[in-house]
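need a structure here:
(chains A and B)
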Amino acid sequence: MSAITTQPAQPQPQVDVQTPNVLDFLRRLWRNYYVKVFIQGLITIWAVTTFTFFMIRQMPGSPVEAKIDELMTRQAMTYEEAYRATATLFNFDPDRPLHLQYFDFLSGLVRGDLGDSITKGGVSVTSIILRYLPWTLFCVGMALVISFSLGIVMGLAMGYWRGSWFDNLITTISSIISGIPDYIMALLIILIFGVQLQWFRIGDVRGGVDPNITPGFTFEYIASVFKYALLPMLIYVLSSIGTWTLSMKSSTISTLGEDYITVAKARGLSQRRILTDYVGRNAMLPLVTRLAISVGFVVGGSVIIEEMFQYPGLGRNLYIAISGRDYTTMQGIFLVITAAVVFSNILADLAIGWLDPRVRLGKQEES
Amino acid sequence: MIGFETVASPVGLVIGLICGIVPLAAGIHYRRLRAGIGGFLACTLSGFACGFLGGLPMIALTYAVVLSYAYVNREDPFTSRAALSEVTFEVTRAEQFQRTMANLGKSLRASWKALVRNKAGFLGFLGLAFFAALTIFGPSLIEYEGQAHIERREPGARALVAAPSVEHPLGLDWKGRDVLSHMVHGGQRLIITSVEAGVIATLIAVTLGSAAGLLGGVVDQILSTIANFILTIPAFPLLLVLAAVVDFDSDFMLAVLFAVLNWPTLMRAVRAQVLSLRERDYVEAAVALDLGLWHIISREVFPNMVSYIAINLIFTVRIAMYSIVGLVFLGLVPLREPDWAVMIFTGRQQGVLFLPQAAGMLLSPIVAIALFQLSLVLFSRSLEEIFNPRLRSGL
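Modelled structure (predicted):
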């Protein structure tokens, strides 16, 4: 395209030859499955971001009012004092028309700039996200890996030896713990093991890391990070492992009915080989898709759990931003969460095509 | 909403007793006294609980059950002793009505049997029945304590919260009020709002899903796009934002808001099922016989989806309760006592979370919510058997 526009002196016929080529190229690009999915994903992200942009600004109370309120209650200022303090603090003009704010936001977004936080003066939203995202990724992601792998192994064993005492026991436990909401489980653990039995001090597990240890790549620091993440992680694992286990079990049972398992048994293959290469790999397929989709929800973390443990993750920051009406931060976190969900869905789509040749071939015939 | 927020009342008891006369009379008439008395009790209870709203439907159900014990289907050659020449195929209105009622009663009994046979499901059912009884009959037994009772402070104690005692079986809360009274009075609104949210979400999902599946074309494309769009939005964070936007004067609005955000998953499933059912042989046969759209939907398509929809309804109710309690826990919706979730919120806000003697105040709502959710999960296990005629073996 640029070739045409920069050379206006080109004779007419050449343009005629070139244009169909560009269009043709675009059309072929659109027909490419991956490009199409990618562009659709971008459109979805844009739509969701726009929707949340306007939703967020419909919330009653502006960040200015929220800050004035906070200053008046926390530091016992009068309204006038609080207003002046807030006005100097914020670089946010609530009277600017909404559509102009929106265009500011979009133009910033294209340049990769999410703007500055409204309530924390001079701190960019990108830096907030980059600072807190690793904590959530570490804690929730780790829990996801643990619960997925444990669930796969247990579900496989339960499906293969179904009806055994192990199967019955784990099925009962799984259905019980998967029925209890995660924050209820967290409260139960705090109340029973923390307050009543005093196995740990509750003040010790609030936050992300021991504030007295200097951050660095030392054993002490890393140990502290793990120690503080242990309880939230345990709760994430407990609240999700039941679902993984039960789905893996039912997937295993349906795979066991396939002809190729009978053939494998008839060939006299060892039980271990059948279990891992024939049953496990095939039974895992539907779960891999769901794993990829869950990866998208890792980023959002859990607002309630993080708030409960004061864990310095993205979810807790979203909650703080919502209570403080910090529009730009909210906007940025929503964008990250949405992008994660959209791209993990695409990833799930690609992963299943890559893992399962049947799907891959079907897709090619389709397009 | 209005009818179900009533608690047990003397008027309801009278209504229930009057309603109970119908199955009792039917039982005496057909010499099925045990079924008749059972029907009488069921009618009395449900009338007591919900007034006309509970009593009148119960008349129909119990009457159907009583009738199903006594009814002999004369059209059925296996039960009829009459010679073939004597069998008449002319059906009067009354007979038609009786046969419909008897069939209804029969399937009710079969469902009940399926429910009892599935141990986990029955346990869940008992749990739900317990919570229903607690929130409906409890308030008339135990009075609600809304005022602070400072005089209950133990000598030398720093807080009003107290561990369970004989006088207050679940202890005292941070204002010195009886926790048991809050437990009894605080569950109804939470449960009803969750159920409303689940029902509305399911209604939207089923309507739009069948519309998309049956109509296809542009309608399908538009609805699917909207569903995918909503699925991409992080639901709970958006609910946090919307909770501030919408002014929650009524819990109904909260239920609607939840429903608007949570219908797409079920809608896509219903759409897929309608699409696959449309291709089945028996549906094509019904279309070929020109049985009419209504017959096809209600008799051929819907029965195949009802268990799935019911299970999803329960699932949605669970998520709704999760979200509502979560919203209250974060303090993002107006707090109104008595409410289980508000008990947890104030417990945490007042800093009594770390007092050992506050266990009664905090554990009670926590355990109640956990048990309610658990009952829902267990109950949903037996729904498959209740609604699937192939799974419940005949009587």
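
Now do residue B:38 against residue B:137, distance only.
Distance, residue B:38 to residue B:137, using C-beta to C-beta, to the nearest Å: 19 Å. (C-beta placed from N, C-alpha, C; glycine too.)

List the contacts of the one residue in chain A that gets nearest to chain B.
Nearest to chain B, among the residues of chain A, is residue A:179, at 3.7 Å (C-beta to the nearest C-beta). Neighbouring residues of residue A:179 by C-beta atoms under 8 Å, 6 or more residues apart in numbering or on different chains: A:242, B:318, B:370, B:373-374, B:376-378.

Which pLDDT does the model give it?
Residue A:179 carries a pLDDT value of 80.

okay, now residue 317: neighbour count?
Picking chain A for this. Residue A:317 sits with 27 neighbouring residues when counted by other C-beta atoms under 10 Å in any protein chain shown.

not quite, I wanted chain B
Counted with other C-beta under 10 Å, residue B:317 comes out at 24.

Retrieve the pLDDT associated with it.
For residue B:317, the pLDDT comes out at 92.

Check residue A:121 too.
Residue A:121 is assigned 68 on the pLDDT scale.

go on, the one 4 residues further on?
pLDDT, residue A:125: 85.

Over to residue B:126?
pLDDT, read off for residue B:126, is 93.

got it, and residue B:92?
74.

separation between it and residue B:312?
As judged by C-beta to C-beta, residue B:92 and residue B:312 stand 41 Å apart.

Between these two, which has more neighbouring residues?
residue B:312 (22 against 9).

Correct me if wrong: the more buried one contacts residue B:267.
No. With contact defined as C-beta atoms under 8 Å, residue B:312 and residue B:267 do not form a contacting pair (10.3 Å).

joint contacts of these two?
residue B:205.

burial measure for residue B:378, as a count.
When neighbours are counted by other C-beta under 10 Å, residue B:378 registers 23.

Which residue is the nearest non-sequential neighbour of it?
Excluding the flanking residues, the one nearest residue B:378 by C-beta to C-beta, 6 or more residues apart in numbering or on different chains is residue B:124, at 2.9 Å.

Contact partners for residue B:341?
Applying C-beta under 8 Å, 6+ apart, the residues contacting residue B:341 are B:190, B:324-325, B:328-329, B:365, B:369.

related to what we said a few turns ago, now do the buried residues in the helix or strand the residue nearest to residue B:378 falls within.
According to DSSP states H and E, residue B:124 maps onto helix B:119-141. Neighbour counts over helix B:119-141 (16 or more other C-beta atoms under 10 Å in any protein chain shown) mark B:120-125, B:127-128, B:131, B:134-139 as buried.

moving C-terminal of that helix, what's the next helix or strand?
Scanning onward from helix B:119-141 (DSSP H and E), the first element met is helix B:179-215.

Would you mind getting the angle between that following helix and helix B:119-141?
130 degrees (axes from the mean of the first three to the mean of the last three C-alpha atoms, to 10 degrees).

Let me know the next secondary structure element after helix B:179-215.
helix B:217-232.

ok, residues contacting the helix or strand that that following helix is followed by?
Downstream of helix B:217-232, the next assigned helix or strand under DSSP H and E is helix B:235-245. Outside helix B:235-245, the residues that touch it by C-beta under 8 Å, 6+ apart are A:52, A:55-56, A:58-61, A:300, A:303, A:318-319, A:322, A:330, A:333-334, A:337, B:254, B:257-258, B:261-262, B:323, B:326-327, B:330, B:332-333.

pretty sure residue B:335 is in contact with residue B:349, am I right?
No. Using C-beta under 8 Å as the test, residue B:335 is too far from residue B:349 to be in contact (9.6 Å).

intersection of neighbour lists for these two?
The contact sets of residue B:335 and residue B:349 do not overlap (C-beta under 8 Å, 6+ apart).

hmm, which two among the contacts of residue B:341 are most spread apart?
With C-beta to C-beta as the measure, no two of those lie farther apart than B:324 and B:365, at 12.9 Å.

Compare these two and say which is more crowded by neighbours.
A count of neighbours by other C-beta under 10 Å puts residue B:365 above the other of residue B:324 and residue B:365, at 27 against 24.

Just want the phi and psi numbers for the more buried one.
Torsion angles at residue B:365 (phi, psi; degrees, to the nearest 10) stand at phi -70, psi -30.

what separates it from residue B:148, distance-wise?
Distance, residue B:365 to residue B:148, by C-beta to C-beta: 19 Å.

now residue A:141
From residue A:141 to residue B:148 the distance is 46 Å (C-beta to C-beta).

The two - which one has more neighbours?
When residue A:141 and residue B:148 are compared for neighbours, residue A:141 comes out ahead with 18 against 13, by other C-beta under 10 Å.
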